[in-house]
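**Q** Need coordinates for the below:
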Amino acid sequence: NMQFKTSLKLIATKHRFVFLGFFMLALFCSQLQWLSHASIASQSNAFYADQYTQGWMTIDLLALVYMVVFLLLSFPASYVIDTFGAKKSLVFGTGLMLVASIFKAVFFNSFIFILIAQIGLAVAQPFINAITSITMHHFKINERVICAGLAIFAQYVGMLGALMFAPIFISTQFSGLVSLLWVYAGISFVVFLGVILSFPKIDQQFSSVLHDRLSFMAGLKLFVTSKDMLILLILFTIGLGLINAITSLID
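**A** The predicted structure is shown next:
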């Protein structure tokens, strides 16, 4: 009986880390889509030049849209995650990412449709980025730092991958990028199924925020009235702003 219980605990632990793998893949794929055209901006502008109807319409708009939408939706998405749970948020986010990824690959030749798909992908991103909720509800206290670190690491690997893959796929002709976009769509499909099938149940022994927790609005009020948190927010704004600017305009 003891061996059976031990085996069940071991399976449950492994299952949680299988889910963590799919979650990391979702974050990785989201970053791939953000910078899909960043490292080939010159070639992209030449390809879509006759479709630009306004002076502000360039390929850099695709990366900018991601950042603006995230800024607008980060707090609403956090409310959804806090109120309805990370699973519903992730299913919505990965599902939208899948649909927008396919749309982006199908209408590869149209800048307007690419932009619409990019907006859809940008909306999906903050709903996928549920790192805090997932680590606090589904992993032990001594596992949370490494799990959160791995999730964030996956984002930076995704950024690096986006900057590397696109130039390789257009090495012969620009239309080769459509193959890469279909690869991204395929990854999104794997992520969507993986998240649905492997999402672990909340385990009371892993979660320390199920009782005596602050409401979303109380937590937000504590955040905006804390001097230390505001200083941290300013530092992150500057640091991430520099990283986002460099990666978006890398070409």
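**Q** Could you pull out the helices in the stretch 51-200 of the chain for me?
**A** 60-84, 86-106, 111-128, 131-138, 141-169, 177-198 (DSSP state H, counting those that start in this stretch).
**Q** Could you measure from the nearest residue to residue 154 once chain neighbours are set aside over to residue 193?
**A** Among residues not flanking residue 154 along the chain, residue 24 sits closest, at 3.8 Å (Cβ to Cβ, 6 or more residues apart in numbering). Bear in mind the C-beta positions are built from the backbone N, C-alpha and C, glycine included. Distance of residue 24 to residue 193, computed by Cβ to Cβ, to the nearest Å: 15 Å.
**Q** which one of these two has more residues nearby?
**A** Neighbour count, other Cβ atoms under 10 Å: between residue 24 and residue 193, residue 24 has more, with 20 against 13.
**Q** ok, residue 182 - contacts?
**A** Contact analysis of residue 182 by Cβ atoms under 8 Å, 6 or more residues apart in numbering lists residue 105.
**Q** Then residue 40?
**A** Per Cβ under 8 Å, 6+ apart, neighbours of residue 40: 166, 167, 170, 174, 177, 251.
**Q** Now it: closest residue in space that isn't a chain neighbour?
**A** Distances taken as Cβ to Cβ, 6+ apart put residue 166 closest to residue 40, at 4.7 Å, once the chain neighbours are dropped.
**Q** any low-confidence regions in the chain?
**A** Applying pLDDT under 70 to the chain picks out residues 1-14, 202-214.
**Q** circling back: now the buried members of the contacts of residue 40.
**A** The neighbour count (16 or more other Cβ atoms under 10 Å) marks 166, 170, 177, 251 as buried among these.
**Q** from memory the third one sits against residue 169, does it?
**A** Yes - proximity of residue 177 to residue 169 meets the contact threshold set by Cβ atoms under 8 Å, at 5.5 Å.
**Q** what's the burial count for residue 243?
**A** Residue 243: 12 neighbours (other Cβ under 10 Å).
**Q** so residue 233 is in which element?
**A** Counting by DSSP states H and E, the element that carries residue 233 is helix 227-248.
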